[in-house]
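1. turn this into a model:
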Amino acid sequence: MMFINPTYKNCLLALALVFSVFGVLYLFGSQDGVIESFADRENSPEIIKNYRNAVEDTMLVSKYRKSYEDTIIELEDAISVAILSEVCQQAETIAKKPLEETPKIRKINELKAFKETLNDAMKTLDKK
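-> Numbering: from 1, shown residues only. Take a look at the predicted model:
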């Protein structure tokens, strides 16, 4: 049977106690951060509103509305042509092995989704 030196045993106990204290302090400290982050969320709507207002102020929507509308319209037309081009270029390949050509199909669908994003941007512009 092995005997542990009492001094060594006391050092191990002290070390375990120090780690336990640091562990408890860490847990309480991390909980304070969680509580504070929830408290900060009360101000989130105001912070977001201020950010939105700052972006709107820099855009000068009333002054550049026509330019923004034209940009969205031209971009929507360009995306429509890109979709047409991709469909025509990839049609035979996709028709032969549609399951293997998922990245090409995904690319076309992402372009379509972007058109929807442009429509949302136009709706937002119309509200301003």
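2. helix or strand next in line after the helix or strand of the chain with the lowest mean pLDDT, which one?
-> Least confident helix or strand of the chain, by mean pLDDT, DSSP states H and E, is helix 6-40 with a mean of 60. Using DSSP states H and E, the next helix or strand after helix 6-40 towards the C-terminus is helix 44-59.
3. residues in contact with that following helix?
-> 68, 128 (Cβ atoms under 8 Å, 6 or more residues apart in numbering). Every residue, glycine included, has its C-beta placed from N, CA and C.
4. give the rounded mean pLDDT of that helix.
-> Mean per-residue pLDDT for helix 44-59: 84.
5. again, but for stretch 88-95
-> What stretch 88-95 shows for mean pLDDT is 89.
6. ditto for stretch 106-114
-> 92.
7. who touches it?
-> Under Cβ under 8 Å, 6+ apart, the answer for stretch 106-114 is 79, 82, 83, 86, 87, 90.
8. who are the packing partners of the one helix or strand the second one maps to?
-> When elements are defined using DSSP H and E, residue 82 is found to belong to helix 61-96. In terms of contact count using 3 or more Cβ pairs under 8 Å, 6 or more residues apart in numbering; DSSP states H and E, helix 61-96 is assigned the packing partners helix 102-127.
9. next, the buried residues of the helix it packs on.
-> Within helix 102-127, the residues that count as buried by 16 or more other Cβ atoms under 10 Å are 104, 108, 111, 115, 118, 121.
10. residues contacting the fifth one?
-> Which is residue 118. 72, 75, 76, 79.
11. let's see it at 7 Å
-> Contact analysis of residue 118 by Cβ atoms under 7 Å, 6 or more residues apart in numbering lists 72, 75, 76.
12. same question for the fourth one.
-> With contacts taken as Cβ under 7 Å, 6+ apart, residue 115 has the following neighbours: 76, 79, 80.
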